[in-house]
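Participant: What shape does this take:
(chains A and B)
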Amino acid sequence: MGDTFEQLDREPTSVTSAPWVRRAILVALAVVVVLAVLDRFGQRPSVTAARAPAATMRLSAPAAVRGGLFFQSRLDVRAGRAIEHPRIVLDAGWVEGMQVNSIEPAPVSEASREGRVVLSYDALEAGDVLRVWLQFEVNPTNVGHRSYAVELDDAERPVARISPEITVWP
Amino acid sequence: MDLVFRTAYVFVLIFVVTRAVGRRELSSMEPFDVILLVVIGDLVQQGVTQSDYSLTGATTVIATLALLTVLTAWLSFRFRALRPVLEGDPVVLISDGRLHERNLRRERMTVEEVEAEARQQQLASLDDVRFAVLETNGRISFVSK
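Facilitator: Purely as a prediction, here's the structure:
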């Protein structure tokens, strides 16, 4: 019978037996974990705001989301003066490759304007607050970086605009 | 961020549970134990990733588990005082041919189990055994007389 140890290398030559290769892989894994802890892969919400004489607008939404996951965006509009025809205009990035689960309160009507979604609500008096919750699920194939801008219009006249972006991780 | 914390929590939970269950049970699994292990694995997956089916989520969880595993091994290697906590101590079951029944009870083992292990290592009788040690991986080492 042959020696079962005969074919074994006394000095292993495989790449992963080199300590620096393993250390480099571990460092790469550590970078992933640190980035995750820093919320680079989503999906904690961050707040962006716009202030105008007619209204202030605050958007709470994640800057990054992962494919397949549910997330929420919340929009607060506080009217500085009466807005007769408040309309929330969402960029295409809000709905492109996203499943819209619900919008609460539901708008009085919905329309399209140059590829954007227009949600119409009842008139606001000075000091009124319109808070809208929008629930989504990310389509797993919707990977990339896109505009998540939202605009408040009075009929077709822009009042305030926030222009964040959203990153969808695979 | 929550993925990393959920993974770390489950890692610690599994560690504590496996240490509490005992090494012997984990090294000699019956069909029931195997099925239970699969069920636990499924429950753990649901708890950690929940409805997250993303590649990014999977990468984060695997990276976290890998780092925690390496960290545990390094702590055990670097700090001798932590080894009993992280890996456990070998338990002497037979020394100088004398059976330590207290240690057997502590590990919830019977003499018949030790005899069965001895037979698998070509030892016909415990009278032929000088030392038997339950190692930290759950296997029993025998030294014959």
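
Participant: CA atoms for contacts and neighbours, from now on please.
Facilitator: Will do.

Participant: Just the closest residue of chain A to chain B, please.
Facilitator: Going by CA to the nearest CA, chain B is nearest to A:Val37 of chain A, at 4.2 Å.

Participant: Within range of chain B, give me the residues from chain A.
Facilitator: Within chain A, the positions near chain B by CA under 8 Å from any CA of the partner chain are A:26, A:29-30, A:32-33, A:36-39, A:41-42, A:66-69, A:140, A:169-170.

Participant: Take the residues you listed and keep only those in helices.
Facilitator: Of those, the ones assigned to helices by DSSP state H are A:Leu26, A:Leu29, A:Ala30, A:Val32, A:Val33, A:Ala36, A:Val37.

Participant: Export those as CSV, with columns for neighbour count.
Facilitator: Shown next, in CSV, are those (neighbours: other CA atoms under 10 Å in any protein chain shown):
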residue, neighbour count
A:Leu26, 16
A:Leu29, 20
A:Ala30, 17
A:Val32, 21
A:Val33, 24
A:Ala36, 24
A:Val37, 17
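
Participant: In chain B, which residue sits closest to chain A?
Facilitator: Closest point on chain B to chain A, by CA to the nearest CA, is B:Met1, at 4.2 Å.

Participant: for the record, mean pLDDT for the helix of greatest length in chain B?
Facilitator: In chain B, with assignment by DSSP H, the single longest helix is helix B:55-78. Averaging pLDDT along helix B:55-78 gives 93.

Participant: Which SSE is immediately downstream of that helix?
Facilitator: For helix B:55-78, the following helix or strand on the C-terminal side (DSSP states H and E) is helix B:83-86.

Participant: where exactly do the strands run in chain A?
Facilitator: Counting by DSSP state E, one finds strands in chain A at the ranges A:45-51, A:55-62, A:64-66, A:70-79, A:86-90, A:98-104, A:109-113, A:116-120, A:129-138, A:144-147, A:150-154, A:157-162, A:165-169.

Participant: need the contact list for the residue of chain A closest to chain B.
Facilitator: By CA atoms under 8 Å, 6 or more residues apart in numbering or on different chains, A:Val37 lies in contact with B:Met1, B:Asp2, B:Val4.

Participant: One more: B:Val10?
Facilitator: Contacts of B:Val10 by CA under 8 Å, 6+ apart are B:Val44, B:Val48.

Participant: can I assume it sits in a strand?
Facilitator: No: assignment of B:Val10 by DSSP: H, G, I helix; E, B strand; the rest coil gives helix, placing it outside any strand.

Participant: I'd like the strands of chain A written out as TSV, with mean pLDDT and mean neighbour count added.
Facilitator: Shown next, in TSV, are the strands of chain A (pLDDT from 0 to 100; neighbours: other CA atoms under 10 Å in any protein chain shown):
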stretch	mean pLDDT	mean neighbour count
strand A:45-51	92	15
strand A:55-62	94	21
strand A:64-66	92	24
strand A:70-79	95	19
strand A:86-90	95	24
strand A:98-104	94	14
strand A:109-113	93	12
strand A:116-120	95	20
strand A:129-138	95	18
strand A:144-147	91	14
strand A:150-154	94	22
strand A:157-162	92	17
strand A:165-169	92	21
